[in-house]
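K.L.:
Structure for the following, please:
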Amino acid sequence: MELGAQLEWTLVSECPIPRDVQGILVHGEEPIAAYKTFRDSAIFTTKRLIVRDAQGITGKKVEIYSLPWKSVDMWSSENAGHVDINTEMEFWTRAGHVKVNLKKGIDIRRLDAIVSACVLSS
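P.N.:
Predicted coordinates for the structure are as follows:
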């Protein structure tokens, strides 16, 4: 898959960090927050954003995307003020552009603080 154009995910709601994510973390990497996506989950860690995408009719096949914070050159967060619809984050990376849509109720400022801390310390 060529990332050049744009990759896009939608976060639906915050959820507990999946227990099985420990199996794919590297030494010193800690999960910070997790969000339900339409078919699976996205996990923000100290080193990367991991998005798990269940595929197929049964959802047993899972594709895992990994966006290392060290590859993020720039990011933005956008919301409509007090009305929290159409909230989004965008990342510009060495591989291309990534857009993350946030459904109503997700705290964009919390996510912005997580991303800031992770990107600026990587």
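
K.L.:
Any stretches of the protein with poor pLDDT?
P.N.:
Scanning the chain for pLDDT under 70 picks out the ranges 1-5, 59, 80-85.

K.L.:
doesn't Ser122 make contact with Lys47?
P.N.:
Yes - counting by C-beta atoms under 8 Å, Lys47 touches Ser122, with 7.1 Å between them. Where C-beta positions appear, they are placed from N, C-alpha and C, glycine not excepted.

K.L.:
Which one's more surrounded, these two?
P.N.:
For Lys47 versus Ser122, neighbours defined as other C-beta atoms under 10 Å are more numerous around Lys47 (19 against 13).

K.L.:
if I look at the residue lying closest to the more buried one once chain neighbours are set aside, how far off is Val51?
P.N.:
If the residues on either side of it in the chain are set aside, Lys47 comes closest to Glu29, at 4.6 Å by C-beta to C-beta, 6 or more residues apart in numbering. Separation of Glu29 from Val51 (C-beta to C-beta, to the nearest Å): 15 Å.
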